[in-house]
Structures are given as structure tokens and as C-alpha cells.
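# Sequence and predicted structure are below.
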Amino acid sequence: MSIDRKKYFLAALFLLFLSFPFLSGTSFNSAFALSGKVNPVGTNLIVEIAKKQNPAVVFVESKTKFRPAKGNPKQPRGPFGQHKPFGQPGPFGGPSPFPQQPGPGNGSGTGFLIDKEGYILTNNHVVENADVIKITLQNEKKYEAKLIGSDSKTDIALLKIVNTDSKSFPYLTLGNSENVEVGEWVVAIGNPFGLDHTVTAGVVSAKARNIGAGPYDEYIQTDASINPGNSGGPLLNMNGEVIGINTAIFSRTGGNVGIGFTIPIKMASDILDELKKDGKVTRGWLGVMIQKITPELAETFKLSDSHGALINDVVPNGPAARGGLKRGDVIVKFNGKEIVSVQNLPKQVAAVDPGKSVKVEIVRDGNKKSLDVTLDKMKEEKQA
């Protein structure tokens, strides 16, 4: 073999050696690192998550006693009732236009234990107006639970197992939903159509989705299969941590079509202590009606971009009116935080304790102005 051919052979061998990091003692850092927790494909990671976390997921049954009818029946808020998000009729058609005498009501869904003492998170619409709540664990043990607190605006409810001799329950760890990335692998566990402890997997399809369900919409969208009965169940990351509470689907048939919505777990974490202590959530109220700023409105109000929330009405004698806010003002910063879009403002207002004074930065007639506003307590019928 000539010297040149030897050099070529050695160079090719060296390149081949570098192309296999496991031979040189280094680890994979590429997209082919299938053993990494960020990518379960080709591994048993989802199997491990299911085995470990299934015992902390519970089947929730709620029963409502007979109640006299009062006018037209209220439409169920839950996405698996007669009407789902976006207004599609349910699989059994729309509600009757005539008042009906309600019989004993039965509902079911999913929940998950969050500590060894028996506290459970689920959806408010799963247990709303329930007189009796029953919990069934994976080992088929049944318990009675009581409603500790609920919040209809975020569709979150906190339960606690009662009358039990158990000193410790299996529970899930709450993760950080703010670190979730689009494309990240996730696992959903629930009881679709009454089939208990069903595990499905998929990815995060989108973040911060507003589906018109309430003033604080900020859903995680996933293609992990979610169906009726999954409501209140956990969405887990590849560390087995809860990143959301499964709550809604987009469907014209009532079944999964790959578009499910999950409440970010941070939303539940932020109100958890208040639900435990008071049984409800107290929010600040500003007293304005707001709308999105279009490019045309931005030009009309002499704005450099479409950021902010345009005030189209002010409640008389409300906090905003007392603080000097007017119709036509554009709120660009609230309590030190930028208002990027109109959806940001209700969340920021709700996070402030009633009675607290905050700085509200506005644009009025093309000029920036800062005002001090003291918030009131939000009443149930009011919006931020």
C-alpha cells in the first residue's frame, strides 16, 4: 500500500471513528439521542411514567340530588356537556328550549392526588353542584371526598378524601408549565368514556390558546388523545410532573380529533392556597370594558404598534373611573408589567389583591400618562 493510500485510509478511519461518539467515550447531543428524557421514542420511558404515576390518578363520580326546576336550565359549562367550546352541538344534539324537571344528576371525570394527605385537583365542571363526591383509586378502593374550594372562572376544583384510615396516599409532583415547549412530548392519564386509567401520549401542539371559555384562557393545546371522562386528569411531561389539567376538546362528533386543551398547572398552583384557606378565589376588579387593538385602531390612536388594551367603556364610580381612566385610553402597562395583548390585562388585574393601589400606564392622545388606581373586589358577575 502506497503512502498516499495509507494516509487516505487512516483519514477515513479517523472520520468514521468521530462519527460514532459512543466509541470515543462521548455522549449523544443530537436529535438521535433516543435515550434522553426529552424524547421517549424508542424507549420505555412512557411505560415507566404510566407505572409510577397511575396510582395517583383517580376516578371522580359526582351525584346531585333532585332539585326543582327554575326557568330555563343553565347550559353546562363543561366541554363534554351539551355544548363544547366554539359552540358545536354535543353528540346528542342541543338542549331543549323548554324548562325540564331535573332528576338526580350523575357525572364523572378524572382527578389526581397532589399530596399524601388526600388533596385532589380536578375540573370545577366535573363536581359543580354535586351533593356527593366519590373517589376510586387504581387499586379499586373507594372513598368519599368533599369539595374544599372551586373557581368557575378557571374551571379548577380542589377536593379532599375524607373518612379514611390511610395515612398516606400516592401523589403527583406539580411541574412548571411556563417551561413547556411546543413539540414537547406529554402523557395524559384519565378515564375516557369510563375506561379507567387510560394512558395516551402526544406532543404539545401550541401554548397560550384562547378558546373563548373564560376571561383567563391560556390553554396548552395537545394532540395526546383526550375524550369525555378525561376532564380533570393530569397532563404530564417526560419527568412525570404535572404540567396541566385536561379540560376541553375541539370536536364536531364528541370524540377526540387530536385537538385537546389543558389548563396550565401554574394557574392552579397560583390559587391553590386560597382554595384551601377560603374555598374560593378573590380577585381584583378594575371596572373597564376593553377590546383588541387592530392596526387601524393603532393608527387612529397614534400608537407605534398594536400592543395594549383599548378601553371602550368605563364603569361609573368604579376603580378605573375614580383613578382617572377614560374611554379611548390604551393601557400599555399595568402594575409594572407590559400589556402585550388584550388577553393579558384580565389576568394581571385578577392577580392583584383588592384594595391595593397600582400604577397604570396609558396612552392618551398619543401621549403616555401614569395613573394610580386602587382596585375593588371582583364580584362573581363582573369581568376584569
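Perfect, I can see it now.
# Got the domain ranges for this protein?
According to automatic domain parsing, the chain comprises the domains 177-278, 284-377.
# most packed of these?
Each of those was assessed for mean neighbour count using mean count of other C-beta atoms under 10 Å. The highest is domain 177-278, with a mean of 20. In short, each C-beta sits where N, CA and C put it, glycine included.
# mind checking the end-to-end distance for that one?
Start to finish, the residues bounding domain 177-278 are 25 Å apart (C-alpha to C-alpha, to the nearest Å).
# chain center to it: distance?
6 Å (C-alpha atoms, centre = their mean, to the nearest Å).
# what do you get for stretch 154-170?
Counting by C-alpha atoms, centre = their mean, stretch 154-170 comes out at 20 Å from the chain centroid.
# what helix or strand does Lys277 sit in?
Using DSSP states H and E, Lys277 falls within helix 265-278.
# so what secondary structure elements neighbour the helix or strand that that helix is followed by?
Proceeding N to C from helix 265-278, the next assigned helix or strand is strand 284-285, under DSSP H and E. Contact here means 3 or more C-beta pairs under 8 Å, 6 or more residues apart in numbering; DSSP states H and E; on that basis strand 284-285 packs against helix 344-350, strand 376-377.
# residues in contact with the last one?
Strand 376-377 is contacted from outside by Thr282, Arg283, Gly284, Trp285, Gly287, Gly318, Pro319, Pro354, Gly355, using C-beta atoms under 8 Å, 6 or more residues apart in numbering.
# and with 6 Å instead?
With contacts defined as C-beta atoms under 6 Å, 6 or more residues apart in numbering, strand 376-377 is touched by Trp285, Pro319, Pro354.
# Show me the beta-bridge partners of the nearest residue to Asp353 once chain neighbours are set aside.
Of all residues not flanking Asp353 in the chain, Gly284 sits nearest, at 6.4 Å (C-beta to C-beta, 6 or more residues apart in numbering). Beta-bridge pairing of Gly284 under DSSP bridges involves Lys377.
# now the helices: where do they sit in the stretch 201-350 of the chain?
265-278, 295-300, 319-323, 344-350 (DSSP state H, counting those that start in this stretch).
# wait, which of these is closest to Asn210?
helix 344-350 (10.8 Å; C-beta to C-beta).
# Check which element follows the lowest-mean-pLDDT helix or strand in the chain along the chain.
Here the helix or strand of the chain ranked lowest by mean pLDDT, DSSP states H and E is helix 21-24, holding a mean of 38. For helix 21-24, the following helix or strand on the C-terminal side (DSSP H and E) is helix 45-53.
# As a check, name the ranges of all strands in the stretch 51-200 of the chain.
57-64, 105-113, 119-122, 132-136, 142-151, 156-162, 185-190, 198-209 (DSSP state E, counting those that start in this stretch).
# Adjacent strands (with direction) for the longest one?
When you say that, I think you mean strand 198-209. Per DSSP bridges, strand 198-209 is paired in its sheet with strand 185-190 (antiparallel), strand 219-222 (antiparallel).
# Let's have those in JSON lines, adding distance to Asn239.
What follows is the strands paired with strand 198-209, written out as JSON lines (distance: least, C-beta to C-beta, whole Å):
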{"stretch": "strand 185-190", "distance to Asn239": "11"}
{"stretch": "strand 219-222", "distance to Asn239": "16"}
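# just so I know, which of the ones you listed lies nearest Ile156?
Set against Ile156 and scored by C-beta to C-beta, these come closest in strand 219-222, at 12.8 Å.
# pLDDT averaged over the closest one, what's the number?
Mean per-residue pLDDT for strand 219-222: 90.
# Show me the contact partners of that strand.
Applying C-beta under 6 Å, 6+ apart, the set of residues contacting strand 219-222 is Val186, Gly202, Val204, Ser205, Ala206, Lys207, Arg209, Gly244, Gly260, Phe261, Thr262, Pro264.
# Can you give the contact residues for stretch 291-301?
Contacting residues not belonging to stretch 291-301 are listed as Ser306, Gly308, Leu310, Asn312, Val330, Val342 [C-beta under 6 Å, 6+ apart].
# That stretch: how far from the chain's middle?
In terms of C-alpha atoms, centre = their mean, the centre of stretch 291-301 is set 30 Å apart from its chain centre.
# gap between the two ends of that stretch?
13 Å.
# Which strand residues bridge Pro234?
Bridge pairing for Pro234 - DSSP bridges - gives Ile245.
# Report the contact partners of the residue nearest to Asp353.
Contacts of Gly284 (C-beta under 6 Å, 6+ apart): Val349, Val352, Pro354, Leu375.
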